[in-house]
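Chemist: Return atomic coordinates for the entry below.
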Amino acid sequence: YYAQAAGRDAAVADAFRDHWKPMGQGDAVPTAPVSLAVALADKIDTLTGFWAIHEKPTGSKDPYALRRAALGVVRMVLENGVRFQLDRLFDAQILRLRVGGSEVGDRLLSILARYGAHRELDAAVEELGDEARDWMKAATASDAGAISNDLLAFFHDRLKVHLRDEGIRHDIIDTALARPPADDLFLVVARA
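Modeler: Presented below is the predicted three-dimensional model:
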């Protein structure tokens, strides 16, 4: 309502309203491009942030509704036919969390944004020189890869729940997840 009253574009106002969706199993997922992008970014940012500080659901405890957020991402991807590599998003977000906030880190992130892909990291680091190489060694020497892998496994668990609810047998789901690449959820479901 505030965005509309301020004269913002309708797509922006809708994105403000819909970025929380889906709130539960029966809730509709955003379908408008801006709303979908904002909702996906919000949920992925939340999940990678919690994983980066080692605060994730255990057993029956999920005080920050992280399972619901991951299931929301799964539903948005599948219902909108969105294809992207989750592990690349996780790696890029974890990198942003680790290196952002410093002059070198912010310059590195700016160069990465220009290259448009995390896999171009070597070219970005080369552009900044020795200072960036030292910074990247410190930033990535930690458990970033393990965090990304663990978060992807968490998404796979949510995908399994979703697919079982859709009536797909567990052995078929496991077979679809075992074949690489398993980070494109839409592709995994197509296989299943």
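
Chemist: Any idea how many residues pack against Leu71?
Modeler: 22 (other Cβ atoms under 10 Å). Using the backbone N, CA and C atoms, a C-beta is placed for each residue, glycine as well.

Chemist: Not counting residues beside it along the chain, what's closest to Ala13?
Modeler: Closest residue to Ala13 apart from its sequence neighbours, by Cβ to Cβ, 6 or more residues apart in numbering: Ala3 at 3.9 Å.

Chemist: what's the neighbour count on Leu177?
Modeler: Leu177 has 18 neighbours, counted by other Cβ under 10 Å.

Chemist: Let the chain start at 17 from now.
Modeler: New numbering, starting at 17: the last item is Leu193.

Chemist: residues contacting it?
Modeler: Under the criterion of Cβ atoms under 8 Å, 6 or more residues apart in numbering, the neighbours of Leu193 are His172, Leu175, Lys176, Val204.

Chemist: per-residue confidence at the residue lying closest to the first one once chain neighbours are set aside?
Modeler: Read that as His172. What sits nearest to His172 in space, not counting adjacent residues and going by Cβ to Cβ, 6+ apart, is Leu193, at 5.6 Å. pLDDT for Leu193: 94.

Chemist: related to what we said a few turns ago, just among the contacts of Leu193, which is most surrounded?
Modeler: Result: Leu175 is most packed of the contacts of Leu193 (other Cβ under 10 Å), 24 neighbours.

Chemist: Pull the contacting residues for that residue.
Modeler: Val90, Ile189, Leu193, Leu201, Val204, Val205.

Chemist: one more time with 10 Å
Modeler: Contact analysis of Leu175 by Cβ atoms under 10 Å, 6 or more residues apart in numbering lists 86-87, 89-90, 93-94, 189, 192-193, 198, 201, 204-205, 208.

Chemist: Tell me the one among the contacts of Leu193 nearest to Asp25.
Modeler: Asp25 has its nearest neighbour among the contacts of Leu193 in Leu175, at 33.4 Å by Cβ to Cβ.

Chemist: Give me the phi and psi for the closest one.
Modeler: As for Leu175, its main-chain torsions (degrees, to the nearest 10) stand at phi -60, psi -40.

Chemist: Please report how far it lies from Asp122.
Modeler: 34 Å (Cβ to Cβ, to the nearest Å).

Chemist: Which members of the contacts of Leu193 are positioned in helices?
Modeler: Using DSSP state H, His172, Leu175, Lys176, Val204 are the members of the contacts of Leu193 that sit in helices.
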